[in-house]
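**Student:** Here is a sequence together with a model predicted from it:
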Amino acid sequence: MKQKKSVALIGSGWRAQIFLRILLSLPGTYSVAGVISRSEENRSLIRKKWSVPAYARLGDLLEKGTPDFIIIAVAKDPAPRIIAETVRLGLPVLAETPPAPDLETLTALNRDLPPGARVQVAEQYHLYPMHRARLAVAASGVLGPVHYAQISVSHGYHGISLLRRALGIGFENGIITARTAEFPMVEGPGRMGPPEQEKIITADHTLGILSFGNKTGLYDFERNQHRSWIRSSRFLLRGERGEINEDRVRYLRDHLTPVEYDLQRLQAGEYENVEGFYLRGVLGEGKWLFRNPWQVSFCDEDVAIAEVLARMGHYLETGESFYSLAEASQDQYLALMLDKAAETGKPVETETQCWTMEA
């Protein structure tokens, strides 16, 4: 990103404040033009907690100047309307996921936006440091063509997005089968932190198989697994010459030479190192697979969101899309079809949607 970007946010909830915290952690890169919220209580909180302007209407903010782009971080039901209204003002939009709650609204949003609308979507999971390293290994070709992926990382469109990228799937149609089950589990942390007391809850578990010709993905997720202290994530990719299983890479250099190595996180600030506490990057087989450009104490989620923001800046300067509305719509569509397959117990065959024409 070449120039400092001015950013405004529509929304003042939990997710919006994550964006706000990261923007303010990088003052040399971003300035916050203001936050739009319908709630006077939330506007007051934003001003007090973050020391940034807060407005009731976007028009009030635009009277002070035009930001480079708008982050829309609101609930999924009003999101399509707000995205469309903001685009009609000629403003570039970075929309939170998902861009719409259902297929009807998703289709209407894609059809109603004017040609050339500058909309990107803030999907971050494939930008986590270890996921970027794993996908980089797969993209290098050492595994051969990837034909199988098992992803147990996050829910719905997040998990689907990572699965689709891991398989190298674009907008191809496929067949989805799914089943759900319920299991007892001790309640873990939520968005607002750890539980106040021990409590047994019922956790929904979804298993889905997504078949795209000779490529197959296994979606495997238990509700709130990504925050749980007692449930782990899983990431498995397989190609004809090798596999990535979690942080272990195995492949054949030739038919008699197996190679194995671990993906290694390098952390600054440990022991006598005084560079500051941050992730330097991820190494594999002695090569950098990911190098962290931010020497800030960010968790992996923060690193991924900071990358989304950086790519939005690059998109504004070059027009190079990084996660388009069409891609986000496809991931949400597949997630909706996964839910349908799980609810009905019947296979669902996906169909080409209107946004594939824009991809």
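**Tutor:** Arrived safely.

**Student:** Check the gap between E260 and Y148 for me.
**Tutor:** 19 Å (Cβ to Cβ, to the nearest Å). The C-beta positions use only the backbone N, C-alpha and C, and glycine is treated the same way.

**Student:** Those two - which one has more neighbours?
**Tutor:** Legend: neighbour count by other Cβ atoms under 10 Å for E260 and Y148, higher for Y148 (16 against 10).

**Student:** which non-adjacent residue is nearest that one?
**Tutor:** R238 (4.3 Å; Cβ to Cβ, 6 or more residues apart in numbering).

**Student:** pretty sure the one you found is in a strand, no?
**Tutor:** Yes - counting by DSSP: H, G, I helix; E, B strand; the rest coil, R238 is located in a strand.

**Student:** which residues sit in contact with it?
**Tutor:** Residues in contact with R238 (Cβ atoms under 8 Å, 6 or more residues apart in numbering) are 143, 146-149.

**Student:** and if you look at A133?
**Tutor:** So A133 contacts 263, 282, 284, 289-290 (Cβ under 8 Å, 6+ apart).

**Student:** now L236
**Tutor:** 148-150, 243-246.

**Student:** Could you give the bridge partners of it?
**Tutor:** Q150, N245 (DSSP bridges).

**Student:** Show me the shaky parts of the stretch 1-150 of the chain.
**Tutor:** Within the stretch 1-150 of the chain, the stretches with pLDDT under 70 are 1-2.

**Student:** now the helices for the stretch 51-200 of the chain?
**Tutor:** Per DSSP state H, counting those that start in this stretch, the stretch 51-200 of the chain carries helices over the ranges 58-62, 79-88, 103-112, 129-140, 156-167.

**Student:** among these, which is nearest M312?
**Tutor:** Smallest distance to M312 across the helices of the stretch 51-200 of the chain (Cβ to Cβ): 14.0 Å, for helix 79-88.

**Student:** Run through the stretch 151-300 of the chain and note the low-pLDDT ranges.
**Tutor:** For the stretch 151-300 of the chain, no range has pLDDT under 70.

**Student:** Just the terminal-to-terminal distance for stretch 69-86.
**Tutor:** 10 Å (Cα to Cα, to the nearest Å).

**Student:** So for it, what gets flagged as buried?
**Tutor:** Across stretch 69-86, burial judged by 16 or more other Cβ atoms under 10 Å covers 69-74, 79-80, 82-84, 86.

**Student:** and the two most separated of those?
**Tutor:** Farthest apart among the buried residues of stretch 69-86 - using Cβ to Cβ - are F69 and P80, which lie 18.0 Å from each other.

**Student:** Among the contacts of A133, which one sits closest to Y271?
**Tutor:** For those, the nearest to Y271 is V282 (19.6 Å; Cβ to Cβ).

**Student:** Tell me which helix or strand comes right after the helix or strand in which the closest one is found.
**Tutor:** Taking DSSP states H and E as the criterion, V282 maps to strand 278-284. The first helix or strand that comes after strand 278-284 along the chain, using DSSP H and E, is strand 287-291.

**Student:** For that following strand, what is the distance to the chain centroid?
**Tutor:** 20 Å (Cα atoms, centre = their mean, to the nearest Å).

**Student:** buried set for it?
**Tutor:** So, applying 16+ other Cβ under 10 Å, buried residues of strand 287-291: 289-290.

**Student:** So which elements touch the helix or strand immediately after it in the chain?
**Tutor:** Counting by DSSP H and E, the next helix or strand C-terminal to strand 287-291 is helix 300-318. In terms of contacts (3 or more Cβ pairs under 8 Å, 6 or more residues apart in numbering; DSSP states H and E), helix 300-318 is packed against strand 5-10, helix 14-25, strand 93-95, strand 119-121, helix 129-140.

**Student:** on that earlier part again, select only the buried ones of the contacts of L236 in ChimeraX?
**Tutor:** A single ChimeraX command selects the buried members of the contacts of L236 (16+ other Cβ under 10 Å):
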select :148,149,150,243,244
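
**Student:** Tell me the one among the contacts of L236 nearest to V121.
**Tutor:** For the contacts of L236, the nearest to V121 is A149 (21.3 Å; Cβ to Cβ).

**Student:** Neighbours of the closest residue to that closest one other than its chain neighbours, how many?
**Tutor:** Spatially, and ignoring its direct neighbours in sequence, A149 is nearest to A166 (4.0 Å; Cβ to Cβ, 6+ apart). A166: 24 surrounding residues under other Cβ under 10 Å.

**Student:** Just confirm A166 contacts Y148, I think it does.
**Tutor:** No - taking Cβ atoms under 8 Å as the definition, A166 is not a contact partner of Y148, at 9.3 Å.

**Student:** before we move on, the earlier item: single out the most deeply packed of the helices and strands packed on helix 300-318.
**Tutor:** Ranked by mean neighbour count under mean count of other Cβ atoms under 10 Å, the helices and strands packed on helix 300-318 are led by strand 93-95, which reaches a mean of 26.

**Student:** That one pairs with which strands, parallel or anti?
**Tutor:** Sheet pairing here is set by DSSP bridges, and for strand 93-95 it gives strand 69-72 (parallel), strand 119-121 (parallel).

**Student:** How far does it sit from its chain's centre?
**Tutor:** Worked out by Cα atoms, centre = their mean, strand 93-95 lies 13 Å from the chain centre.

**Student:** Also stretch 93-103?
**Tutor:** 12 Å.

**Student:** Cool, thanks, talk later.
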